[in-house]
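Colleague: structure here, sequence nowhere to be found:
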């Protein structure tokens, strides 16, 4: 039982730190653009996911789950409420929430490991 907790703690730490760095980078980019252009650049979670999926996981003409997900992000045919939430939620808020959740998982795993090491 100790090995899965250690593995989960490592994954949670990487996710928490990575998403927090992406959060800071995104906020920094938006602030830079605001100072340069004088207008706030709104980046929704949906736009961020489309950019991520098309840049790393999908090529033109692909079929499969990622291609279906990308098409759903651009023009949904179901789950309209979830799509609307992703369109209106800023990507920075989503990244911050992912970071907080991963931190909670990390702290939980650390506490569980500490209680197992005590006699």
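Modeller: Received the coordinates, thanks. This is a predicted model, so every value here is computed, not measured.
Colleague: who's in contact with the nearest residue to residue 89 once chain neighbours are set aside?
Modeller: Leaving out its chain neighbours, the residue that sits closest to residue 89 by C-beta to C-beta, 6 or more residues apart in numbering is residue 45, at 4.8 Å. For every residue, glycine as well, the C-beta is placed using N, CA and C. Listed by C-beta atoms under 8 Å, 6 or more residues apart in numbering, the contact set of residue 45 reads 85-87, 89-91, 93-94.
Colleague: check residue 22 too.
Modeller: Here residue 22 is in contact with residue 95 (criterion: C-beta under 8 Å, 6+ apart).
Colleague: for it, pull up the helix or strand it's in.
Modeller: Here residue 22 is covered by helix 2-37, with elements defined by DSSP states H and E.
Colleague: that helix: how far from the chain's middle?
Modeller: Relative to the mean C-alpha coordinate of its chain, helix 2-37 is positioned 8 Å out (C-alpha atoms, centre = their mean, to the nearest Å).
Colleague: cool, thanks, talk later.
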